[in-house]
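In: structure, please.
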Amino acid sequence: MKKLPIIILLFLTASGYLWQGCSESDCPLSTTSLAHFNLLSSDSHSSVKLTSEVTITGTTVTDVTVKDTLPDGTITDKVVKDSVLTDTIYNKESDLSSFSLPLSYTSKTTYTIHYNEKLKDVIEITHRNIPFISDIECGTMMFYQVENINYTTNSLDSVVIVNPDINNEEKRNFNIYYTIRE
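Out: Sure thing, here's the model as predicted:
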């Protein structure tokens, strides 16, 4: 009977530590940093929509480690230098007036806007990567600072940097201007 208060005290102490582990986190809901693009008219600076189907791909160049099987059957790691990695981000989307795209962990990211099989524009963004830790429980995030932008003008007129700081907040970073023919 004398041990009962000690057991209850130990139980309550252990319960208190368990409840602390289930506290709410102050981590942001979105930990992905995206570049936000708005599509605008060159003349009026008003929002425009790309009414035809558009495909947007992202490309980066990096070193890739692959498994290589030797003639004797052993498997080794082989580094393939300057591998081009391409991924479709938007596939045949219509009525686009804005879009958001991820950036590469390398210092350069290239996007291709495919208007149709023959017409496309390429946007190349050079950026500085900034690792960011807000809280050890939240893990790391990658922020970016845009240093330069190059683009083709096959269909678009220009691309303007509005905000060079790209982070996990949803704010406009680039304006893409098009000439609207009526």
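In: what residues are up against Ile149?
Out: Neighbouring residues of Ile149 by C-beta atoms under 8 Å, 6 or more residues apart in numbering: 123-126, 159, 161, 174. Where C-beta positions appear, they are placed from N, C-alpha and C, glycine not excepted.
In: where do the strands of this structure begin and end?
Out: 34-41, 54-69, 75-93, 98-102, 108-114, 120-133, 140-151, 156-161, 165-166, 174-178 (DSSP state E).
In: in JSON lines: the ones you listed, plus mean pLDDT.
Out: Below are the strands of the chain laid out as JSON lines (pLDDT from 0 to 100):
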{"stretch": "strand 34-41", "mean pLDDT": "94"}
{"stretch": "strand 54-69", "mean pLDDT": "83"}
{"stretch": "strand 75-93", "mean pLDDT": "81"}
{"stretch": "strand 98-102", "mean pLDDT": "92"}
{"stretch": "strand 108-114", "mean pLDDT": "92"}
{"stretch": "strand 120-133", "mean pLDDT": "92"}
{"stretch": "strand 140-151", "mean pLDDT": "92"}
{"stretch": "strand 156-161", "mean pLDDT": "95"}
{"stretch": "strand 165-166", "mean pLDDT": "94"}
{"stretch": "strand 174-178", "mean pLDDT": "96"}
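In: CSV for those, including distance to Asp26?
Out: Below are those laid out as CSV (distance: least, C-beta to C-beta, whole Å):
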stretch, distance to Asp26
strand 34-41, 21
strand 54-69, 31
strand 75-93, 30
strand 98-102, 24
strand 108-114, 30
strand 120-133, 13
strand 140-151, 14
strand 156-161, 31
strand 165-166, 22
strand 174-178, 30
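In: the ones you listed: which one's closest to Cys27?
Out: Counting by C-beta to C-beta, Cys27 lies closest to strand 140-151 out of the strands of the chain; the figure is 9.8 Å.
In: in that closest one, what's buried?
Out: By neighbour count with 16 or more other C-beta atoms under 10 Å, strand 140-151 contains the buried residues 141-144, 146, 149, 151.
In: cool, and stretch 106-125?
Out: For stretch 106-125, by 16+ other C-beta under 10 Å, it's 108-115, 120-121, 123-125.
In: coming back round to it: the buried residues of strand 140-151 into JSON lines, with extra columns for distance to Thr76?
Out: JSON lines is the format used below for the buried residues of strand 140-151 (distance: C-beta to C-beta, whole Å):
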{"residue": "Met141", "distance to Thr76": "34"}
{"residue": "Met142", "distance to Thr76": "31"}
{"residue": "Phe143", "distance to Thr76": "36"}
{"residue": "Tyr144", "distance to Thr76": "35"}
{"residue": "Val146", "distance to Thr76": "39"}
{"residue": "Ile149", "distance to Thr76": "40"}
{"residue": "Tyr151", "distance to Thr76": "41"}
